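>>> Give me coordinates for this.
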Amino acid sequence: MTQVKVDRMCSVYVIPEDAPMSQQEISKAFDTGKFEDKLKALKSLVIQIIHDESFPRMVMNVINSLVPLSDETHSLKKILLFYWEVIEKTHPNGSLKEEMILVCNSLRKDLLHPNEYIRGRTLKLLSRIQLRGILEPLQTAIVENVTHKHVYVRRNAVVCLYEIFLNFGDDLISDLDELMEKLLLNETDLSTKRNAFLLLFHANQQKALDYLSINYSDDSNQFGDILQLSILELFRKVCKKDPQQKPKLLKSIYQFSKSKSASVQYECANTLFAVSPSLASLKIAVQIYMSLINTQTDNNIKLVILDRLEAVNQLNPRVLEDRTQDLSQLLNQQSIDIRRKVLRLFQLKHENVVLLAQSLQKEFQKCQNLNDQSEYKVLMLQLINPMIHKFPQVHEVVAQTFIDSIICNNKMDDQCAQLAGQTLVKLVQLSDQPIQHKIVTALSNRFLDIHHMELYKATFTILGDYSVNPIRSFNQIKKAIGNLPLEHDKVVAKQEDENKQVVKTVILPDGTYGTQVIEKQDNEEHVSKLRELLMQNSFLASSLSRAFMKLLSKIQEFNKYSSQMLLIFCSLLRYYQKNTAKIDQDTLETITSSIRILTGKNPQDKLQEQYKKSDVVPELNIQFGSHQNYDKILKQPDDPIIIRQLKGISEFNEIDLADDETSIAIKQEENTYVSRLGHIVQLTGYCDPIYAEAFVNVHKYDIQFEVLMVNRWSKMVQNVQVEFRTQGESKVIEKAQGVILQPNQSARVRTTIKFSSQDIGVVYGAIHYENNAGIEQAYLVTKEINVDLIDFIIPATVQIEQFRKLWAKYEWENRIVINTNQNDPFKYVQFLEKQLKAKSIVENHPQGNIICVNMYAQTKFDDDFLVNVSAEVVNDKLQGFVRVRSKVKEIVVNLGDKIKVLQTKIE
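Residues are numbered from 1 along each chain as shown. All right, here's what the predicted structure looks like:
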């Protein structure tokens, strides 16, 4: 862990208006100047000290010249208090400076000053100066101000004692709990009372609870909102530290839900959610959240409350089961963000699913003509999808929603239209026959009003499979396609446009005559967008071809309609042949296959065989007790189940290798899940409170850790964070988010740190979390992760001239003595090339007892290194040196250690 450097605290930073005064000018103003000059010099001194200027000898000058002075407005005293705050009060060894004794005497006089403003300002200063040598002589004066008659003094005195307790405990000032207990009984100021209660419950929680039990009544508003918030914070910490007190405190927490303050109600709900996971407590918390959403007008507040409701929903989804009607009312909000979050809170149950479907129907009607709510429509469709699978009672409502608001909606993007098409097809497949007939009839009647290609695809599928009037469906599609051929002559189109324009003489507003061009109204029927889409995308033509063939298999007048379909198919092929960039091979094969069937022998029989029978699901005819012989046994009962994704590349058989997707996976072996399992690193042990393991993914300039953490405690662990550091000065690019882990719950987090060749070696890690009381910080030191440089080396080539320049340029070198059992220099060089992933400058090495080889390689961090092997065989033993050079010291050191280990393993 790196030590955090804390800057010295300063409460003000001022930009000087005038030029700063020198030390001599300041001293002269202090000694002989007027009061205004002394005040100006003191201000200049404070500003320069804030700007890191040092005036160590000016303290005594200030004490002698300025401390005895006073004025009616106390302006000098105010600046003096700033001066005491910003000056250095200790020596470099930490001991208090001698002149601070005189400063303490001045502060003591200010603490006992008859003016309450000076007392309060001095107490505020002492709350920032946490030095034992200064506070010890002043503790009696500080305590006396607790009982001062003015509320400003009492408030700052309590704050000062609170800061002293947080820094020194009860060592400096004892009996703080009794002092605060007496103050709470007589104090009338709400802010002072809140501060005193905070100090009491930090100093002695039991006395704070006793005070509440004695002075608390059923009316929680007697304490005020800020004190109620402090009491709720006390309840949370007490319940975490001592869970046995939960039943006694929950009754008091319930009373705070009746508070008139919205912030108190919100914190009360948060407290119930934090201390008690029971269903009754969570329902009360949800009731408070829903009440706040309905009463608050700020959308930001509503979004925060919805986030809390989402957390409750993740903890116990049963809590929101009976809140469907309340959540449905929130869909009337204008904010799209609020409605988006509300949709994620709905729970699908038999009791509320019809009401939910009706609410979604109204939402689709409201956003039917809005372009900027496509994401919201996608969320509603994602909610409808599981509804139609699990609850048949909503099919009729959903079908009416599609008919009224979705089928002919031209304000949907591609993602929304695709999801709508898939949901519509699934709805027709799962619905009863009356609902199917209703949807098919609506699609046929409103076919000309459809605008999206994905909805056309879904419509073709539905009409081809479920149409009860295939002739009408075919005529509607033909009408939408329009006149053939698909592409008109531009000259004819231009003449038609000119014929639509009529020039008419009109009387202008000034009484003169003029001409006006009027467009003729076209008496032809409306033509849909299908023709335009067919000319833009050939995938739609493939769906059209299959739908036509399915409809034709149901039509009795085969010859009449087959000729019309052939004309449409040929027109499509002719258009796509002129525009080869707009057709794909699958569409071409589909249309060509349909033409072959229609022009071949016995086309009706082939249609019945290929389309009609393939759409009928065969009925299961199982007769128990019947004996039936099978020609071939495909699988034995004890055969293993093979999951190809987990077999690994080496276990693929011939069938697997024939698959195109498998061959692609072989080429991308580094990205497979199996290879990732080989690089998993266990960070902590199974007996640790938090078990953790990580995948290490190294990119070009950073390293990413994907960490799985499992809470093995029987209690909830909060604010769990993981942190990694390298040997160098690593920089965190993406910090891991803190998570809350319930007992036996797991979570995945990612963190990324900047990585370079200098950081090669060991990565250190730690997991931080809060203990049960939530006060002290606990941590686990994880196992060290070894990062090997060899994994990041890439073979590269370089010319011999460039090699020589780099050899002379690079200053870091590591010379390794050859110490191996191998006596063949050629095999030794081949071994180093393979292990270091380096490439020789010269490909063919001469055979003999003496060898000199240069090798070159690069790393993924845009660094490179050079290797020179000079060796000879002496007395049947290989002797010589391996020299490694690079501009990065860590690469040279790491490779040297690696070569020393590798050369002992040569057989």
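
>>> switch to C-alpha atoms for all contacts and neighbour counts from now on
Will do.

>>> Report the strands that pair with the host helix or strand of residue 814, each with its relative direction.
Per DSSP states H and E: residue 814 is located in strand 812-817. With DSSP bridges as the test, strand 812-817 is paired with strand 877-886 (antiparallel).

>>> Can you give the contact residues for stretch 445-453?
407-410, 414, 417, 456, 476-477, 480, 526-530, 533, 540 (Cα atoms under 8 Å, 6 or more residues apart in numbering).

>>> Endpoint to endpoint, that stretch covers what distance?
Using Cα to Cα, to the nearest Å, one end of stretch 445-453 lies 18 Å from the other.

>>> okay, which residue is most central for this structure?
What sits nearest the mean C-alpha location of the chain, by Cα atoms, centre = their mean, is residue 737, with 8.7 Å.

>>> Show me which helix runs longest in this protein.
helix 558-578 (DSSP state H).

>>> could you check the angle helix 558-578 makes with the very next helix or strand once past it?
Toward the C-terminus, helix 558-578 is succeeded by helix 585-599 as the next helix or strand (DSSP H and E). Interaxial angle of helix 585-599 relative to helix 558-578 (axes from the mean of the first three to the mean of the last three Cα atoms, to 10 degrees): 150 degrees.

>>> From the contact counts, what lies against helix 585-599?
Helices and strands touching helix 585-599, by 3 or more Cα pairs under 8 Å, 6 or more residues apart in numbering; DSSP states H and E, are helix 539-554, helix 558-578, helix 603-607.

>>> Of those helices, which stretch is the most buried?
Highest mean neighbour count among those (mean count of other Cα atoms under 10 Å): helix 539-554, with a mean of 22.

>>> coming back round to it: residues touching the residue nearest to the centre of the chain, list them.
Applying Cα under 8 Å, 6+ apart, we find residue 737 in contact with 721, 749-750.

>>> Going by neighbour count, which of these comes out on top?
residue 721 (20 neighbours; other Cα atoms under 10 Å).

>>> What spatial separation is found between that residue and residue 698?
21 Å.

>>> swap in residue 376?
Residue 376 is 37 Å from residue 698, by Cα to Cα.

>>> of the two, who's got more company?
Per other Cα under 10 Å, whichever of residue 376 and residue 698 has more neighbours is residue 376, with 20 against 17.

>>> Look up the closest residue to that one, ignoring the ones flanking it.
residue 340 (6.2 Å; Cα to Cα, 6 or more residues apart in numbering).

>>> Residue 682 too?
residue 693 (4.3 Å).

>>> and the strand or helix carrying the one you found, C-alpha only, in CSV?
Here residue 693, judged by DSSP H and E, is contained in strand 690-698. What follows is strand 690-698, C-alpha atoms only, in CSV (Å, rounded to 0.1, in the frame of the first residue of the first chain):
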residue,chain,number,x,y,z
ILE,A,690,-13.7,-13.2,0.7
TYR,A,691,-12.6,-15.8,-1.9
ALA,A,692,-11.3,-14.1,-5.1
GLU,A,693,-9.9,-15.2,-8.4
ALA,A,694,-9.0,-13.2,-11.5
PHE,A,695,-8.6,-13.4,-15.2
VAL,A,696,-5.6,-11.3,-16.3
ASN,A,697,-6.0,-9.7,-19.8
VAL,A,698,-3.0,-7.7,-21.1
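
>>> what's the next secondary structure element after it?
Strand 690-698 is succeeded, C-terminally, by strand 702-711 (DSSP H and E).

>>> list the helices and strands the helix or strand that that following strand is followed by packs on?
Next along the chain after strand 702-711, taking DSSP H and E as the criterion, comes strand 717-725. Counting by 3+ Cα pairs under 8 Å, 6+ apart, the packing neighbours recorded for strand 717-725 are strand 739-741, strand 746-754, strand 761-770.

>>> Report the buried residues of the last one.
In this case it means strand 761-770. For strand 761-770, burial by neighbour count (16 or more other Cα atoms under 10 Å) applies to 761, 763-770.

>>> Would you list the phi and psi of residue 557?
Taking degrees, to the nearest 10, you get phi -80, psi 80 for the backbone angles of residue 557.

>>> Number of residues surrounding it?
10.

>>> any idea how far residue 465 is from it?
19 Å.

>>> can you check residue 800 too?
71 Å.

>>> if you count what's nearby, which of the two comes out ahead?
residue 465 (20 against 12).

>>> That one is in what secondary structure piece?
Going by DSSP H and E, residue 465 is in helix 453-466.

>>> try residue 365
helix 353-366.

>>> that older thread, need the contact partners of the longest helix of the chain.
Residues outside helix 558-578 that contact it (Cα under 8 Å, 6+ apart) are 484-487, 535, 538, 541, 545, 548, 552, 582-583, 588, 591, 595, 598, 604.

>>> from the middle of its chain, how far away would it be?
52 Å (Cα atoms, centre = their mean, to the nearest Å).

>>> Then stretch 817-830?
For stretch 817-830, the distance to the chain centre is 53 Å (Cα atoms, centre = their mean).

>>> Give the buried residues for stretch 292-309.
292-293, 302-303, 305-306, 308-309.

>>> Out of the residues you listed, which comes closest to residue 791?
The shortest approach to residue 791 among these belongs to residue 308, at 45.1 Å (Cα to Cα).

>>> Pretty sure the closest one sits in a helix.
Yes. Assessed with DSSP: H, G, I helix; E, B strand; the rest coil, residue 308 lies in a helix.

>>> What distance do you get for it to residue 740?
On the measure of Cα to Cα, residue 308 and residue 740 end up 14 Å apart.

>>> repeat for residue 240
Counting by Cα to Cα - residue 240 and residue 740 are separated by 14 Å.

>>> go on, residue 119?
45 Å.

>>> Neighbour count for these two, which is higher?
Shown here are residue 119 and residue 740; by other Cα under 10 Å, residue 119 has more neighbours (26 against 17).

>>> in what helix or strand does the more buried one lie?
helix 116-126.

>>> Now do the same for the strand holding residue 693: mean pLDDT, whole number.
Over the span of strand 690-698, the pLDDT mean works out to 85.

>>> tell me which residues in that strand are buried?
So, applying 16+ other Cα under 10 Å, buried residues of strand 690-698: 690-696, 698.

>>> ditto for stretch 417-435
Result for stretch 417-435 [16+ other Cα under 10 Å]: buried residues 417-428, 431, 435.

>>> now stretch 446-462
Those buried within stretch 446-462 under the rule 16+ other Cα under 10 Å are 447-462.

>>> Work out the gap between that stretch and the centre of the chain.
36 Å.

>>> ends of stretch 705-717, how far apart?
Stretch 705-717 end-to-end distance (Cα to Cα) = 21 Å.

>>> Let me see the residues that make contact with that stretch.
The contact list for stretch 705-717, computed with Cα under 8 Å, 6+ apart, reads 687-697, 740-752, 769-772.

>>> still on that earlier bit, pLDDT and distance to residue 829 added to the contacts of residue 737, as TSV?
Below are the contacts of residue 737 laid out as TSV (pLDDT from 0 to 100; distance: Cα to Cα, whole Å):
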residue	pLDDT	distance to residue 829
721	87	47
749	89	44
750	87	41
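
>>> can you put those in TSV and add distance to residue 273?
TSV is the format used below for those (distance: Cα to Cα, whole Å):
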residue	distance to residue 273
721	22
749	24
750	27
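
>>> ok, of those, which one's closest to residue 785?
Using Cα to Cα, the contacts of residue 737 come closest to residue 785 at residue 750, 15.9 Å.

>>> Excluding covalently adjacent residues, which one is nearest to residue 204?
residue 177 (6.2 Å).

>>> Surely that neighbour and residue 196 touch.
No. Applying Cα atoms under 8 Å, one finds residue 177 not in contact with residue 196, separated by 9.3 Å.

>>> Looking at the two, which is more packed in?
Using other Cα under 10 Å as the criterion, residue 177 and residue 196 rank with residue 196 on top: 30 against 21.
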